[in-house]
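Asks: one predicted model, sequence on top.
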Amino acid sequence: MMLITTSHRPTRRTRSFGHDLEKVFPNSLYLTRGKKTIQDLLMEAYDRNYERLLIINVWKGNPLKMTFIKVDPDDWGYLGYLYLHGIKLQREIGFRDIRPIREEMPFIVTTAKRVGIDHVAFAQAFAELTGGKFVPRRERSLLGIADRYNTDVLGVIERHPRGMAVNFYRLDVTKERTVGPLISVKIWIMEDGRRWDYKEALGLKRSRSGQSKE
């Protein structure tokens, strides 16, 4: 599915986040970057038959941005970016010993029930970024969707007080709750021009720009 790495000199928390993502994106690999350039990483991903390269960027010790790149030696390119409010690691949710899935398996992206059109748009974008498949939730259960597409892994777009969030299910681990990591997203941007900003969505930027300076 994808090769996962970080910017240079990542913090321990960022490395842990990369390892957590390795456990929820099927047949993916977290790779310590070292001194590798973007071109080195693209060739590494291509040699391993991955379709995506994910780079986690750090700010003040925490993951700030997720950059998704299409892997193709003749036509590679940036697909889009997620800017993060924060994350919650699997160990912080209560899961410490989840194993990566080392086989091909559909990665299904859907939404929680009764969310807005912005959440649906993000679910579609997240599926494109990751190479997964978007499935509308409607009134279907998550177990029903997983059975329909023969998978154990679901990425679910949820409401969040400061934007929206991505959470993950590993149904081979537990069918009762999410395993994480929980990713809180404040901005997402696609290279084709689609974007969403939680402040713009709430009208905060416009109201602040209209305030007079004292």
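Replies: Noted; the coordinates are in hand. Numbering: from 1, shown residues only.

Asks: and the top strand by length along the chain, how far out from the chain's middle?
Replies: Longest strand in the chain, counting residues (DSSP state E): strand 77-88. Centroid separation for strand 77-88 versus its chain: 7 Å, with C-alpha atoms, centre = their mean, to the nearest Å.

Asks: partner strands of it, with direction?
Replies: Note on strand 77-88: by DSSP bridges, its sheet partners are strand 62-70 (antiparallel), strand 182-190 (antiparallel).

Asks: who touches the longest helix seen in the chain?
Replies: If you go by DSSP state H, the chain has its longest helix at helix 117-130. Contacts to helix 117-130, defined as C-beta atoms under 8 Å, 6 or more residues apart in numbering, come from residues 1-2, 25, 52, 68, 79-80, 82, 107, 109-112, 132-134, 136, 155, 157-159, 164, 166, 185, 188, 190, 194, 196, 201. (Each C-beta comes from the backbone N, C-alpha and C, glycine too.)

Asks: out of those, which end up buried?
Replies: 1-2, 25, 52, 68, 79-80, 82, 107, 109-112, 132, 134, 155, 157-158, 164, 166, 185, 188, 190, 196 (16 or more other C-beta atoms under 10 Å).

Asks: just the residues you listed: which are in strands?
Replies: Of the buried ones among the contacts of helix 117-130, the ones assigned to strands by DSSP E are 2, 52, 68, 79-80, 82, 109-111, 134, 155, 157-158, 164, 166, 185, 188, 190, 196.

Asks: what angle sits between the longest helix of the chain and strand 62-70?
Replies: 60 degrees (axes from the mean of the first three to the mean of the last three C-alpha atoms, to 10 degrees).
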